[in-house]
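Engineer: here's a sequence, model it:
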Amino acid sequence: MIKVLHKKLNELEATAICGNDISSSCLYVSALTIMYAGQYAWISLLFVAVVLFLFRKIYGEVVGAIPLNGGAYNVLLNTSSKKLASVAATLTVLSYMATAVISASEGMHYLHGILPGIDITITTVIVLLAFTGLAILGIGESAFVAVIIFVIHLATLSLLVIVSSWFLFNHGLETFHINWNLPVTSGGIVNALFLGFSAAMLGISGFESSSNFVEEQRQGVFPKTLRNMWAIVSFFNPMIALLLICIIPLAEVGEHKESLLAFLGQTTGGSWLAYLISIDAVLVLCGAVLTSFVGVSGLLNRMTLDRILPNFFLKQNKRGSNYRIIISFLILCVSVLFVTGGDLIALAGVYTFSFLAVMGLFGIGNLLLKFKRKKLPRPEKARGITVVTAVILVIVAFVGNVQLNVDSFYTFIKYLIPSLVFIGIMLGRSFLIQVLIDALEYFYKPMRKMVIFSNRYLMKMNLKINSQEFVFFTKGDDVAILNKVMQYVQNNESTKKLKIVNVKRQGGESNESLIIDLKVLDRAYPEIAIEFIELEGVFGPEIIDELSKKWNIPKNFMFIGSPGDRFSYKVAELGGVRLIM
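Structural biologist: Numbers count the residues shown, from 1 in each chain. The predicted structure is shown next:
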């Protein structure tokens, strides 16, 4: 078997992949925030920069402690239950889906302004197809394209800021004084800042993407991507909003909200700058589509490895890409585009609330990590008050967006419920199959031959699901801890067998009390067969790798308790072993 070697991304490549999404927000977030906060929009955007600064530490602590793909799903899987982690994953996928469709469609709206003859829906599908092909080629090729788009976008934004500043230097602050003295139409300054802040939080979507493909990044790159994204958003979003307020009368913002930055370029530099910004908008919005494909590929691959999704999605091509995941995501995006008729307002609701919910759940995951995995080594720590403040601010933004557009919230719920039902079926499929077997036997006794045939098929399917073995590496824990291990396995996994492995030192004595405790647990959990194995050696990546190959059990089906500060290895070196205690 040929082992696929994945390219590891450097700082620029990793930043570009997720940075295209978050920096593309400059194209629309200023107009959106000005619509609600008026002349105070730049202050609302500064508040958002503060929130993002808080989340830098939150993400840095979590991913530093558990550097595995999956973002919010990963931290909740290692600190809570598979069910809660699956909710976070579902929200993340919905966010990516809406981001891909909105970005592709918005990009084609900008292109339509340059080439009026194009069909927006058809070209949107073409963009989705193009980036599907690019994602299938591999993350190296994706990163190359992302870097080109990213550099062009930052250069264009910088040029816009310089030209607008020069225009302001030559024409003075008269427009700013007029705008600043306008009456607030959103029910007072505080409410205007609140609504503006809620709308401006859309400007940091994409910040979570880096944590979904952290395993594809070189050592030490992840925290740098967080710093870079924070710096870009903290400078460009408030700065552009302030320049708009200084140059464009607020009464004209609504008329040009679809392409406000192009209008700013037209006003300050002329048609050449407006044209350049429109081309840049097409490119960077397409780059945000690429971010969605890369992020969702890492997340869904992890979910499939954890048996939340069918094994069908694990198939890889020669370049190491999960092409079935990528193609399935394309089908989902195209179907959503046609079902909604390209209604961007409806999709924006899915995008907004999914993204904010994921950010909130990540903060909660950080708190759980602090309480449940206190001894787990991590390169940096976010203070508890920092995490709580950040989560509260996300909740405030969520409530504010409900207030801004309650119809969008209902649209979000319509998409969320079927997604959660599907995930619920996958998590409980063993139980549901058994219910179906019992129902067939009870209701269809006259059709005995058909029932026997159906039940054999269902029993075979159920046996296959439950035949997967799991492993827990124990340090000679007492019966109370092992009982919690059994409860975790029973509540989160479909299995009939658990291997409990104790790695002892060379020549060490057998742990007789542990053997007695396991016999008690074996009787207490008759539905799960416990196999106790004692090995001589030193617990670490080598022995995990050896047993994984010998028993044909994937490493993500191997569990350990949370290691302490003196543990010789980082969690990332253990190859995806799950922390459950």
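
Engineer: can you name the element that comes right after the helix or strand containing residue 228?
Structural biologist: Applying DSSP states H and E as the criterion places residue 228 in helix 222-247. Going down the chain from helix 222-247, the next helix or strand is helix 250-253, by DSSP H and E.

Engineer: tell me which residues of that next one are tucked away?
Structural biologist: For helix 250-253, burial by neighbour count (16 or more other C-beta atoms under 10 Å) applies to 250, 253. In short, each C-beta sits where N, CA and C put it, glycine included.

Engineer: returning to what we had before: state the mean pLDDT of the helix holding residue 228.
Structural biologist: For helix 222-247, mean pLDDT rounds to 93.

Engineer: residue 16 contacts residue 143, correct?
Structural biologist: Yes - contact criterion C-beta atoms under 8 Å: residue 16 and residue 143 qualify, at 6.7 Å.

Engineer: and the two? Which one has more around it.
Structural biologist: Taking neighbours as other C-beta atoms under 10 Å, residue 16 and residue 143 compare with residue 16 leading, 29 against 22.

Engineer: from residue 367, how far out is that one?
Structural biologist: Applying C-beta to C-beta, to the nearest Å, one obtains 31 Å for the distance of residue 16 from residue 367.

Engineer: do residue 296 as well
Structural biologist: Applying C-beta to C-beta to residue 296 and residue 367 gives a distance of 26 Å.

Engineer: pick out whichever of those two has more residues nearby.
Structural biologist: Using other C-beta under 10 Å as the criterion, residue 296 and residue 367 rank with residue 296 on top: 28 against 16.

Engineer: so residue 374: helix, strand or coil?
Structural biologist: What DSSP: H, G, I helix; E, B strand; the rest coil gives for residue 374 is coil.

Engineer: helix/strand/coil for the closest residue to it other than its chain neighbours?
Structural biologist: Closest residue to residue 374 apart from its sequence neighbours, by C-beta to C-beta, 6 or more residues apart in numbering: residue 562 at 7.8 Å. What three-state DSSP gives for residue 562 is coil.

Engineer: before we move on, what about residue 550?
Structural biologist: helix.

Engineer: same for the helix or strand containing residue 19, what does it pack against?
Structural biologist: Remark: residue 19 resides in helix 11-23, with elements defined by DSSP H and E. With contacts defined as 3 or more C-beta pairs under 8 Å, 6 or more residues apart in numbering; DSSP states H and E, helix 11-23 has these neighbours: helix 139-171, helix 222-247, helix 271-305.

Engineer: need the next SSE after it, C-terminal direction.
Structural biologist: Using DSSP H and E, the first helix or strand after helix 11-23 is helix 29-37.

Engineer: so what secondary structure elements neighbour the following helix or strand past that following helix?
Structural biologist: Once the chain leaves helix 29-37, the next helix or strand it forms, by DSSP H and E, is helix 41-65. Judged by 3+ C-beta pairs under 8 Å, 6+ apart, helix 41-65 is in contact with helix 29-37, helix 189-200, helix 222-247, helix 344-372, helix 384-404.

Engineer: for the ones you listed, give me JSON lines that also has distance to residue 511.
Structural biologist: Output for the helices and strands packed on helix 41-65, formatted as JSON lines (distance: least, C-beta to C-beta, whole Å):
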{"stretch": "helix 29-37", "distance to residue 511": "59"}
{"stretch": "helix 189-200", "distance to residue 511": "56"}
{"stretch": "helix 222-247", "distance to residue 511": "39"}
{"stretch": "helix 344-372", "distance to residue 511": "25"}
{"stretch": "helix 384-404", "distance to residue 511": "37"}
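
Engineer: find the residue at the geometric middle of the chain.
Structural biologist: residue 92 (4.6 Å; C-alpha atoms, centre = their mean).

Engineer: ok, now which ones touch that residue?
Structural biologist: Counting by C-beta atoms under 8 Å, 6 or more residues apart in numbering, residue 92 touches 71-73, 208, 212, 295-296, 299, 354, 358.

Engineer: and if we set it to 7 Å?
Structural biologist: Contacts for residue 92 (C-beta atoms under 7 Å, 6 or more residues apart in numbering) come out as 71-73, 299, 358.

Engineer: now residue 35
Structural biologist: Contacts of residue 35 by C-beta under 7 Å, 6+ apart are 253-254, 257.

Engineer: break down the stretch 451-581 of the chain into its strands, ranges please.
Structural biologist: For the stretch 451-581 of the chain, the strands defined by DSSP state E, counting those that start in this stretch cover 470-474, 497-504, 529-536, 558-560, 578-579.

Engineer: now those strands as TSV including distance to residue 44?
Structural biologist: Putting these into TSV (distance: least, C-beta to C-beta, whole Å) gives the following:
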stretch	distance to residue 44
strand 470-474	49
strand 497-504	52
strand 529-536	57
strand 558-560	45
strand 578-579	39
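
Engineer: closest to residue 79 out of the ones you listed?
Structural biologist: Closest to residue 79 of those is strand 578-579 (C-beta to C-beta; 7.6 Å).

Engineer: adjacent strands (with direction) for the closest one?
Structural biologist: Next to strand 578-579 in the sheet, as set by DSSP bridges, lie strand 558-560 (parallel).
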